[in-house]
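In: When you get a sec, could you give me coordinates for this:
(one chain, ligands or ions: 1)
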Amino acid sequence: MKTKEYSNGETTILWKPEKCIHAGICVKTLPKVYHPQEKPWITPENATSQEIIAQVAKCPSGALSIKGTQDNIKIEREDNGKKGRYVIYYNDEFAGEMTFTWAGKTQFIIDHTGVEEKFAGKGLGKKLVMKSVEYARENNVKIIPLCPFAKKVFDNTKEIQDVRS
Ligand code: SF4
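Out: Got it, this is the predicted structure:
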């Protein structure tokens with residue numbers, strides 16, 4: 001499905017339907033803008049740009065982004081068959097990483113997630129976890145979230161329990 005655009009005249013929200021995991025965080029954090037039962041389901045004119053930008057940063061799947069800024073976040077995966085890491089860049093600057101260790105061939109342990117202080121509050125740690133969830137689904141493997149941060153993400157996101165070991 002095509003990416004959809006919703007604007008308040010100043011800021012444009014982009015929504016990628018195929019990425020949406022229907023966690024409903026958008027509806028919970030900004031109910032005046034997100035109405036899943038209505039058409040259009042996103043009405044950005046009901047909020048300020050500041051409110052919209054802060055909300056979009058909380059979308060766990062990356063389905064929501066702000067037009068013009070959607071390429072600012074890049075995640076790279078490294079894996080040597082024993083250990084690996086996900087590295088996140090914000091505007092091409094190193095912003096954090098999440099390390100993992102394989103436990104056999106069918107599951108890996110998330111050991112540690114760390115985001116640089118400068119980039120705190122942008123939801124980058126969660127994006128790292130979600131990237132590993134995407135990998136686990138595509139490759140039919142499971143995740144053991146030992147890292148307290150990753151464990152919290154798993155505990156609070158029921159849509160990703162399918163990949164939890
Ligand atoms: S927060 Fe993101 S993933 Fe969750 S329902 Fe909204 S758009 Fe979909």
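In: Buried residues of stretch 63-82, list them for me.
Out: By neighbour count on 16 or more other CB atoms under 10 Å, the buried set for stretch 63-82 is 63-66, 73, 75. Heads up, the C-betas are built off the backbone N, CA and C, glycines and all.
In: biggest separation within those residues, which pair?
Out: Ile66 and Ile75 (17.5 Å; CB to CB).
In: Any chance of JSON lines for the buried residues of stretch 63-82, columns pLDDT and secondary structure?
Out: Converted to JSON lines, these look like this (pLDDT from 0 to 100; DSSP: H, G, I helix; E, B strand; the rest coil):
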{"residue": "Ala63", "pLDDT": "95", "secondary structure": "coil"}
{"residue": "Leu64", "pLDDT": "95", "secondary structure": "strand"}
{"residue": "Ser65", "pLDDT": "92", "secondary structure": "strand"}
{"residue": "Ile66", "pLDDT": "91", "secondary structure": "strand"}
{"residue": "Ile73", "pLDDT": "85", "secondary structure": "strand"}
{"residue": "Ile75", "pLDDT": "95", "secondary structure": "strand"}
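In: show me which of these neighbour the ligand.
Out: Contacts with the ligand are made by 63-64 out of the buried residues of stretch 63-82, judged by CB under 6 Å from any ligand atom.
In: Can you add distance to Thr113 and give the buried residues of stretch 63-82 back as TSV?
Out: Shown next, in TSV, are those (distance: CB to CB, whole Å):
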residue	distance to Thr113
Ala63	21
Leu64	21
Ser65	21
Ile66	24
Ile73	15
Ile75	12
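In: Which residues are in contact with Asp162?
Out: The contact partners of Asp162, by CB atoms under 8 Å, 6 or more residues apart in numbering, come to Arg137.
In: let's go with 10 Å and repeat that
Out: The contact partners of Asp162, by CB atoms under 10 Å, 6 or more residues apart in numbering, come to 133, 136-137, 142.
In: quick one: which of the residues you listed is most hemmed in?
Out: Neighbour counts for these were taken using other CB atoms under 10 Å; the highest belongs to Val133, with 24 neighbours.
In: CA atoms of the strand or helix carrying that residue as CSV?
Out: In the assignment (DSSP states H and E), Val133 maps to helix 124-139. What follows is helix 124-139 as a C-alpha-only set of coordinates in CSV (Å, rounded to 0.1, in the frame of the first residue of the first chain):
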residue,chain,number,x,y,z
LEU,A,124,15.7,5.5,19.1
GLY,A,125,16.2,2.7,21.6
LYS,A,126,12.8,1.3,20.7
LYS,A,127,13.5,1.6,17.0
LEU,A,128,16.6,-0.6,17.5
VAL,A,129,14.5,-3.2,19.3
MET,A,130,11.8,-3.0,16.5
LYS,A,131,14.5,-3.5,13.9
SER,A,132,15.6,-6.7,15.5
VAL,A,133,11.9,-7.8,15.7
GLU,A,134,11.6,-7.3,12.0
TYR,A,135,14.7,-9.4,11.4
ALA,A,136,13.5,-12.1,13.8
ARG,A,137,10.1,-12.3,11.9
GLU,A,138,11.8,-12.4,8.5
ASN,A,139,14.2,-15.2,9.5
